[in-house]
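Enquirer: Fold the following for me, if possible:
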Amino acid sequence: MNEKLTAETIAQSLGSGLAGAFVLTVLHESVRRVVPEAPRADLLGMRAIAKGLKAAGQQPPPDDKLHTLALGGDIVANTLYYSLVGLGGRENAWLLGSTLGAAAGVGAVALPGPMGLGTEPSARTPATAAMTIGWYLVGGLAAAAVYQLFGRSNR
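Expert: Residues are numbered from 1 along each chain as shown. Sure thing, here's the model as predicted:
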(Lines give C-alpha, C1' and ligand atoms only; values in the text may rest on other atoms or scores of the structure.)
Protein backbone atom coordinates (compact mmCIF):
# COMPACT_ATOMS: atom_id res chain seq x y z
CA MET A 1 0.00 0.00 0.00
CA ASN A 2 1.56 3.24 -1.15
CA GLU A 3 -0.99 5.56 0.41
CA LYS A 4 -0.73 6.95 3.91
CA LEU A 5 -3.68 6.66 6.23
CA THR A 6 -4.96 10.22 6.46
CA ALA A 7 -8.26 11.88 7.22
CA GLU A 8 -8.69 12.28 3.47
CA THR A 9 -8.12 8.60 2.66
CA ILE A 10 -10.43 7.57 5.51
CA ALA A 11 -13.13 9.91 4.18
CA GLN A 12 -12.62 8.54 0.66
CA SER A 13 -12.86 4.97 1.96
CA LEU A 14 -16.05 5.75 3.88
CA GLY A 15 -17.54 7.57 0.88
CA SER A 16 -16.70 4.60 -1.31
CA GLY A 17 -18.24 2.25 1.23
CA LEU A 18 -21.40 4.35 1.32
CA ALA A 19 -21.63 4.20 -2.47
CA GLY A 20 -21.31 0.41 -2.40
CA ALA A 21 -23.90 0.13 0.38
CA PHE A 22 -26.28 2.44 -1.46
CA VAL A 23 -25.99 0.49 -4.72
CA LEU A 24 -26.56 -2.79 -2.89
CA THR A 25 -29.62 -1.49 -1.02
CA VAL A 26 -31.16 0.04 -4.14
CA LEU A 27 -30.72 -3.30 -5.95
CA HIS A 28 -32.29 -5.25 -3.10
CA GLU A 29 -35.19 -2.88 -2.57
CA SER A 30 -35.96 -2.30 -6.26
CA VAL A 31 -35.72 -5.78 -7.66
CA ARG A 32 -37.50 -7.52 -4.78
CA ARG A 33 -40.64 -5.63 -5.74
CA VAL A 34 -40.78 -7.13 -9.24
CA VAL A 35 -38.83 -10.42 -9.19
CA PRO A 36 -40.36 -13.21 -7.07
CA GLU A 37 -37.01 -15.01 -6.57
CA ALA A 38 -35.18 -11.83 -5.55
CA PRO A 39 -33.25 -11.91 -2.28
CA ARG A 40 -34.88 -10.33 0.76
CA ALA A 41 -32.02 -8.83 2.74
CA ASP A 42 -34.61 -6.61 4.41
CA LEU A 43 -36.24 -9.68 5.98
CA LEU A 44 -32.89 -10.95 7.25
CA GLY A 45 -32.23 -7.57 8.85
CA MET A 46 -35.68 -7.44 10.39
CA ARG A 47 -35.29 -10.94 11.79
CA ALA A 48 -31.85 -10.16 13.21
CA ILE A 49 -33.07 -7.00 14.95
CA ALA A 50 -36.20 -8.71 16.32
CA LYS A 51 -34.15 -11.66 17.56
CA GLY A 52 -31.67 -9.35 19.30
CA LEU A 53 -34.41 -7.29 20.92
CA LYS A 54 -36.21 -10.42 22.15
CA ALA A 55 -32.95 -11.78 23.58
CA ALA A 56 -32.61 -8.49 25.47
CA GLY A 57 -36.16 -8.85 26.82
CA GLN A 58 -37.56 -6.10 24.57
CA GLN A 59 -40.57 -6.17 22.28
CA PRO A 60 -39.67 -5.58 18.60
CA PRO A 61 -41.38 -2.60 16.96
CA PRO A 62 -44.08 -3.01 14.29
CA ASP A 63 -42.93 -4.34 10.92
CA ASP A 64 -42.86 -0.96 9.17
CA LYS A 65 -40.53 0.51 11.79
CA LEU A 66 -38.53 -2.73 11.91
CA HIS A 67 -38.10 -2.51 8.13
CA THR A 68 -36.79 1.06 8.38
CA LEU A 69 -34.39 0.04 11.15
CA ALA A 70 -33.17 -2.92 9.09
CA LEU A 71 -32.48 -0.76 6.03
CA GLY A 72 -30.65 1.80 8.16
CA GLY A 73 -28.62 -0.92 9.83
CA ASP A 74 -27.79 -2.45 6.45
CA ILE A 75 -26.58 0.91 5.11
CA VAL A 76 -24.36 1.51 8.15
CA ALA A 77 -22.93 -2.02 8.32
CA ASN A 78 -22.37 -2.29 4.58
CA THR A 79 -20.81 1.19 4.44
CA LEU A 80 -18.27 0.19 7.07
CA TYR A 81 -17.64 -3.16 5.39
CA TYR A 82 -17.25 -1.81 1.86
CA SER A 83 -15.05 1.04 3.11
CA LEU A 84 -12.36 -1.61 3.57
CA VAL A 85 -11.84 -1.23 -0.19
CA GLY A 86 -9.39 1.57 0.61
CA LEU A 87 -7.05 -0.64 2.62
CA GLY A 88 -5.23 -1.91 -0.44
CA GLY A 89 -4.68 1.47 -2.04
CA ARG A 90 -5.82 2.53 -5.50
CA GLU A 91 -3.79 -0.18 -7.24
CA ASN A 92 -5.72 -2.94 -5.47
CA ALA A 93 -9.16 -1.36 -5.18
CA TRP A 94 -10.78 -3.49 -7.91
CA LEU A 95 -9.38 -6.73 -6.54
CA LEU A 96 -10.31 -5.85 -2.98
CA GLY A 97 -13.77 -4.58 -3.94
CA SER A 98 -14.59 -7.74 -5.86
CA THR A 99 -13.21 -9.95 -3.07
CA LEU A 100 -15.17 -8.08 -0.40
CA GLY A 101 -18.34 -8.23 -2.47
CA ALA A 102 -18.06 -11.92 -3.31
CA ALA A 103 -17.23 -12.82 0.30
CA ALA A 104 -20.20 -10.84 1.60
CA GLY A 105 -22.48 -12.48 -0.93
CA VAL A 106 -21.36 -15.99 -0.03
CA GLY A 107 -21.75 -15.10 3.64
CA ALA A 108 -25.26 -13.74 3.02
CA VAL A 109 -26.20 -17.08 1.46
CA ALA A 110 -24.41 -19.41 3.88
CA LEU A 111 -24.73 -17.74 7.30
CA PRO A 112 -28.40 -16.84 7.92
CA GLY A 113 -29.45 -20.49 8.43
CA PRO A 114 -26.86 -21.28 11.11
CA MET A 115 -27.60 -17.89 12.72
CA GLY A 116 -31.24 -18.84 13.13
CA LEU A 117 -32.51 -16.28 10.59
CA GLY A 118 -33.71 -18.77 7.98
CA THR A 119 -32.46 -19.53 4.49
CA GLU A 120 -35.46 -18.42 2.44
CA PRO A 121 -34.57 -14.69 2.15
CA SER A 122 -31.17 -15.25 0.53
CA ALA A 123 -31.09 -18.84 -0.73
CA ARG A 124 -34.62 -20.15 -1.34
CA THR A 125 -33.78 -20.95 -4.98
CA PRO A 126 -30.53 -21.16 -6.95
CA ALA A 127 -31.55 -17.91 -8.66
CA THR A 128 -32.02 -16.22 -5.26
CA ALA A 129 -28.59 -17.37 -4.11
CA ALA A 130 -26.98 -16.25 -7.38
CA MET A 131 -28.61 -12.81 -7.15
CA THR A 132 -27.55 -12.47 -3.52
CA ILE A 133 -23.91 -13.16 -4.35
CA GLY A 134 -24.05 -11.05 -7.49
CA TRP A 135 -25.55 -8.03 -5.81
CA TYR A 136 -23.01 -7.99 -3.01
CA LEU A 137 -20.33 -8.28 -5.69
CA VAL A 138 -21.85 -5.29 -7.49
CA GLY A 139 -21.75 -3.36 -4.20
CA GLY A 140 -18.05 -4.15 -3.81
CA LEU A 141 -17.33 -3.10 -7.39
CA ALA A 142 -19.26 0.14 -6.89
CA ALA A 143 -17.14 0.87 -3.82
CA ALA A 144 -13.98 0.19 -5.84
CA ALA A 145 -15.13 2.41 -8.70
CA VAL A 146 -15.86 5.33 -6.39
CA TYR A 147 -12.54 4.85 -4.62
CA GLN A 148 -10.80 5.02 -7.99
CA LEU A 149 -12.74 8.17 -8.90
CA PHE A 150 -11.64 9.85 -5.67
CA GLY A 151 -8.04 9.13 -6.69
CA ARG A 152 -8.52 10.74 -10.08
CA SER A 153 -9.94 13.91 -8.55
CA ASN A 154 -6.75 14.33 -6.46
CA ARG A 155 -4.38 14.36 -9.44
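
Enquirer: Nearest residue to S83 in space, ignoring adjacent ones along the chain?
Expert: G17 (3.0 Å; CB to CB, 6 or more residues apart in numbering). (C-beta placed from N, C-alpha, C; glycine too.)

Enquirer: Run the chain-centre distance for the helix or strand containing that neighbour.
Expert: Element membership for G17 (DSSP states H and E) is helix 7-31. Relative to the chain's own centre, helix 7-31 is displaced by 8 Å; criterion: CA atoms, centre = their mean, to the nearest Å.

Enquirer: where's the residue nearest to S83 relative to G101, distance?
Expert: Going from G17 to G101 by CB to CB, to the nearest Å gives 12 Å.

Enquirer: ok so, going back, give me the distance between the residue nearest to S83 and A144.
Expert: Noted for G17: a distance of 11 Å to A144, by CB to CB.

Enquirer: Can you check which residues contact both of these two?
Expert: Taking CB atoms under 8 Å, 6 or more residues apart in numbering as the criterion, G17 and A144 both touch V85.

Enquirer: joint contacts of G17 and G101?
Expert: Residues touching both G17 and G101 (CB under 8 Å, 6+ apart) are 82, 143.

Enquirer: The longest helix along the chain to helix 7-31, inter-axis angle?
Expert: Determined from DSSP state H, the single longest helix within the chain is helix 126-153. Per axes from the mean of the first three to the mean of the last three CA atoms, to 10 degrees, the angle that helix 126-153 makes with helix 7-31 is 150 degrees.

Enquirer: could you give me the average pLDDT of helix 126-153?
Expert: The average pLDDT within helix 126-153 is 94.
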